[in-house]
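Colleague: Below is the sequence, then the predicted model.
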Amino acid sequence: MNYRLLYFASLCDSAGRAEEMVASDAQDVRALYAELAARHGFTFTPERLRVAVNGEFTDWNRHLADHDEVVFLPPVSGG
Amino acid sequence: MFAISDKPIDAARLQGELEGRGVGAVVCFEGRVRDHNDGRAVNGLSYQAYVELAEAEGRKIVEEARARFAVERIVCVHRVGDLALGEIAVWAGVSAGHRAAAFDACRYVVDEVKARVPIWKREHYAEGVSEWLHPGAE
């Protein structure tokens, strides 16, 4: 399946891009993160990240559909 | 109202949105760019947001505050982009019939925005390096 990934802050720096289309066999968010962490050298464990699919917060067991937009959110620092 | 803005925040204009005949108290908070953090000299900040989700989560926080406190109006704007020292990074204003609700709601909005809204700060240090801030243990 194909997923659209958006990257922010240090994950954007690590990936070297703000977004990408990824072809993957991963069926859920957790599996997709493991694959991308290995590819891009992300050092955050899932416990330190939140995840959003199609613009809404979701959980790590979320099952993915073709062309979902997936975002892994590092700890926020607004304000 | 909650918004992400890539333009400088106009505090006077935002304060004008807090008017109302039942308003007896107005509390405004400005978060500004300071010249130091954690013992390091800071030259400026850059903020990045996942705008779609940040605006949705910010609106949710404003609705929560409206449900918890007896307020008239709530306005909060967070800046993104490159900010110089002294610029306003986040502005929150609350009007209410009485001061307690205005203080409480303003603090609630600012605290929740800092904790929950997907916005990230990059500090530019005087020694020439920059780092994203990701609070919490490594």
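Modeller: Received it, and whenever you're ready, just let me know what you need. Source: prediction; values computed, not measured.
Colleague: which residues of the chain fall in strands?
Modeller: Reading this off chain A. Ranges of strands in chain A, per DSSP state E, are A:2-6, A:19-23, A:50-53, A:56-58, A:69-73.
Colleague: To clarify, I was referring to chain B.
Modeller: All strands of chain B, identified by DSSP E, fall at B:2-5, B:25-32, B:36-37, B:40-49, B:71-79, B:81-84, B:88-96, B:119-125, B:130-132.
Colleague: Could you tell me what pLDDT the model assigned to residue 70?
Modeller: No chain in the question, so chain A it is. On pLDDT, A:V70 comes in at 98.
Colleague: Sorry, I should have been clearer: chain B.
Modeller: B:A70 carries a pLDDT value of 98.
Colleague: mind listing what it touches?
Modeller: Contact analysis of B:A70 by C-beta atoms under 8 Å, 6 or more residues apart in numbering or on different chains lists B:A96, B:G97, B:H98, B:A101. C-beta: built from backbone N, CA, C; applies to glycine.
Colleague: Kindly report the same for A:F42.
Modeller: A:L11, A:S14, A:A15, A:Y33, A:L36, A:F72.
Colleague: out of these, who's nearest B:K121?
Modeller: Among the contacts of A:F42, A:L11 lies closest to B:K121 (C-beta to C-beta), at 14.6 Å.
Colleague: By neighbour count, which of the contacts of A:F42 wins?
Modeller: Highest neighbour count within those, by other C-beta atoms under 10 Å in any protein chain shown: A:L11, with 25 neighbours.
Colleague: For the strands of chain A, state which one has the densest average packing.
Modeller: strand A:69-73 (a mean of 21; mean count of other C-beta atoms under 10 Å in any protein chain shown).
Colleague: Adjacent strands (with direction) for that one?
Modeller: strand A:2-6 (parallel), strand A:50-53 (antiparallel) (DSSP bridges).
Colleague: Those strands into TSV, with extra columns for mean pLDDT and distance to B:K7?
Modeller: Formatted as TSV, the strands paired with strand A:69-73 follow (pLDDT from 0 to 100; distance: least, C-beta to C-beta, whole Å):
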stretch	mean pLDDT	distance to B:K7
strand A:2-6	98	23
strand A:50-53	98	26
